[in-house]
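**Q** Give me the fold of what follows.
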Amino acid sequence: MKELKKRIRNIPDFPIKGIQFKDITTLLSDPSSYQRAIDLMAHRHFNKGVESVVGIEARGFVMGAAMAYKLGVGVILVRKAGKLPYRTVSAEYALEYGKDRLEIHEDAIRPGMKVVVADDVLATGGTVAAVADLLKRLGADIVECCFLAELTDLRGRDKLKGQKVFSLLKFKE
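**A** I've put the predicted structure just below:
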């Protein structure tokens with residue numbers, strides 16, 4: 001895990017002053033690191049009846065699509081408002097630096113569908129909590145919320161009570 005952690009670069013004061021951004025593009029551009037991370041994140045879901053992976057815009061698409069491919073299941077996209085072409089269900093959420101809105105197609109989830117939520121970094125938990133709310137409203141069975149990395153000091157897990165949470169890498173800020 002130390003080698004994977006070294007592949008993530010810190011960008012201070014991005015997107016605003018005071019935020020220590022974890023830039024995963026350096027890990028993604030290294031084929032062996034990216035493959036290792038996806039293998040480790042996906043492997044835990046083999047033989048668990050997962051029907052789809054839910055990727056959160058935008059870097060969650062990179063994690064979610066690769067995990068879905070590895071698991072042999074579909075991928076469902078959760079996007080920012082106005083980006084999906086069909087009827088949607090939406091939720092507002094708070095970021096470390098503001099507010100935003102996420103949407104999912106209203107027919108993306110069947111009641112009882114087993115899904116894994118995938119994203120790059122668990123920070124304050126607002127984004128993934130909004131996604132979990134959307135998925136529950138549509139009747140999904142969330143097997144796990146799975147992250148490449150977690151910023152433990154921001155306590156994002158606290159917003160995911162009742163959800164199984166896995167982070168491949170943990171960073172103390």
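
**Q** Which residues does the residue positioned nearest the centre of the chain form beta bridges with?
**A** Centroid check for the chain by C-alpha atoms, centre = their mean gives Asp119 as the closest residue, at 1.7 Å. Beta-bridge pairing for Asp119 (DSSP bridges): Phe147.

**Q** And the pLDDT for it?
**A** What the model reports as pLDDT for Asp119 is 98.

**Q** cool, Ile24 as well?
**A** Reported pLDDT for Ile24: 97.

**Q** can you check Lys164 too?
**A** 98.

**Q** so how many other residues sit close to it?
**A** 11 (other C-beta atoms under 10 Å). All C-beta atoms are positioned from the backbone trio N, CA, C, and that covers glycine.

**Q** Does it touch Glu144 like I think?
**A** Yes: contact criterion C-beta atoms under 8 Å: Lys164 and Glu144 qualify, at 4.4 Å.

**Q** What segments of this protein are helices?
**A** Using DSSP state H, the helices of the chain run over 2-6, 25-28, 31-43, 59-71, 126-137.

**Q** what's the weakest-modelled helix or strand in the protein?
**A** The helix or strand of the chain with the poorest confidence is strand 88-95; it has a mean of 87 (mean pLDDT, DSSP states H and E).

**Q** what packs against that strand?
**A** Judged by 3 or more C-beta pairs under 8 Å, 6 or more residues apart in numbering; DSSP states H and E, the packing partners of strand 88-95 are strand 98-105, helix 126-137.

**Q** Looking at these, spot the one closest to Leu27.
**A** helix 126-137 (19.6 Å; C-beta to C-beta).

**Q** quick one on the thing from earlier: right, and the helices of the chain - which one's nearest Val50?
**A** Using C-beta to C-beta, the nearest of those to Val50 is helix 59-71, at 5.9 Å.

**Q** Please work out which residues outside that closest one touch it.
**A** 24, 28, 34, 38-39, 41-43, 45-46, 50, 52-56, 74-75, 77-78, 116, 118-121, 146-148 (C-beta atoms under 8 Å, 6 or more residues apart in numbering).

**Q** For Gly112, see how far away Val128 is.
**A** 21 Å (C-beta to C-beta, to the nearest Å).

**Q** returning to what we had before: the least confident helix or strand of the chain: which residues count as buried?
**A** By neighbour count on 16 or more other C-beta atoms under 10 Å, the buried set for strand 88-95 is Thr88, Val89, Ser90, Ala91, Tyr93.

**Q** Then stretch 16-35?
**A** Those would be Phe21, Lys22, Asp23, Ile24, Leu27, Leu28, Ser33, Tyr34, for stretch 16-35 by 16+ other C-beta under 10 Å.

**Q** Contacts only, for the fifth one.
**A** Listed by C-beta under 8 Å, 6+ apart, the contact set of Leu27 reads Leu4, Arg7, Ile8, Ser33, Tyr34, Ala37, Leu148.
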